[in-house]
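**Q** Sequence and predicted structure below; questions after.
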Amino acid sequence: MNATPPPRPLISWEGFTLRLDLAQLHARANRELPARVPALRRVGLEGLPDGDLQLEVAFAWKGLPGTVAVRLREARLLYGFFGCQVVAVSGPLGVRLPGSAVASILKRAIPGKIQYDSADGVFLLDLREWLPAGLEVAVRRVRCDSESLELQLGPGSLVPPAPVLEARHSHG
């Protein structure tokens, strides 16, 4: 039996740490995201002393301004899915909100891309549409301080999809 060997990666790597400048990340997110999501006013991310991340989103819904803060733990990226545990959600005036309320809003905003397990408080966001085909990367740990967002990556690779060959027709 003649088996075709699996395609070899174009690029591969061992684990490494990727640092993103937090000020530039905030500036870019706050310039580009509100242009794509009209209700969005501002996005902020900060690292907490215990290693959790705090995502703060300012918005205007039906003309009323509000802010939601989401405390995230165990952020990971694997097989094209971003996942994290939502530890706490506080809405306008600091009122605690259930994670299911945030899941419901996100499911309406980006249909078919969000899964939420209420028992564990775990969100999954399907990023495969936005990531290059054939990319395998694992984020093992995320840390954020006042200056940078640090992603500790595991081994990974990029195996581009095989080119589609066009059928050749003879013209006679």
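**A** Yes, it's here.

**Q** contacts and neighbour counts: CA atoms only from here.
**A** OK.

**Q** Which of the residues in stretch 64-78 are classified as buried?
**A** 67-77 (16 or more other Cα atoms under 10 Å).

**Q** That stretch - what's its average pLDDT?
**A** Averaging pLDDT along stretch 64-78 gives 89.

**Q** Take the longest strand seen in the chain, keep the C-alpha atoms, and write them as CSV.
**A** Looking across the chain with DSSP state E, the single longest strand is strand 64-78. Extracted C-alpha coordinates of strand 64-78, given in CSV (Å, rounded to 0.1, in the frame of the first residue of the first chain):
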residue,chain,number,x,y,z
LEU,A,64,-26.7,54.5,27.6
PRO,A,65,-23.0,54.3,28.5
GLY,A,66,-21.7,51.4,30.6
THR,A,67,-18.6,49.5,31.5
VAL,A,68,-18.1,45.8,32.0
ALA,A,69,-15.1,44.3,33.7
VAL,A,70,-14.3,40.6,33.2
ARG,A,71,-11.7,38.8,35.3
LEU,A,72,-10.0,36.0,33.3
ARG,A,73,-7.9,33.1,34.4
GLU,A,74,-6.0,30.3,32.5
ALA,A,75,-6.1,31.9,29.1
ARG,A,76,-5.1,29.4,26.4
LEU,A,77,-5.0,29.0,22.6
LEU,A,78,-5.1,25.5,21.2
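
**Q** Excluding its own residues, what touches the helix or strand following that strand? List them.
**A** On the C-terminal side of strand 64-78, the closest following helix or strand by DSSP states H and E is strand 81-90. Outside strand 81-90, the residues that touch it by Cα atoms under 8 Å, 6 or more residues apart in numbering are 68-77, 96-99, 120-128.

**Q** Pick out the residue closest to the middle of this protein.
**A** The residue lying closest to the centre of the chain (Cα atoms, centre = their mean) is Phe82, at 4.8 Å.

**Q** Just give the closest residue to that one, not the sequence neighbours.
**A** Closest residue to Phe82 apart from its sequence neighbours, by Cα to Cα, 6 or more residues apart in numbering: Leu125 at 5.1 Å.

**Q** I figured the one you found was touching Gln115, is that so?
**A** Yes: with contacts counted by Cα atoms under 8 Å, Leu125 reaches Gln115, the gap being 6.6 Å.
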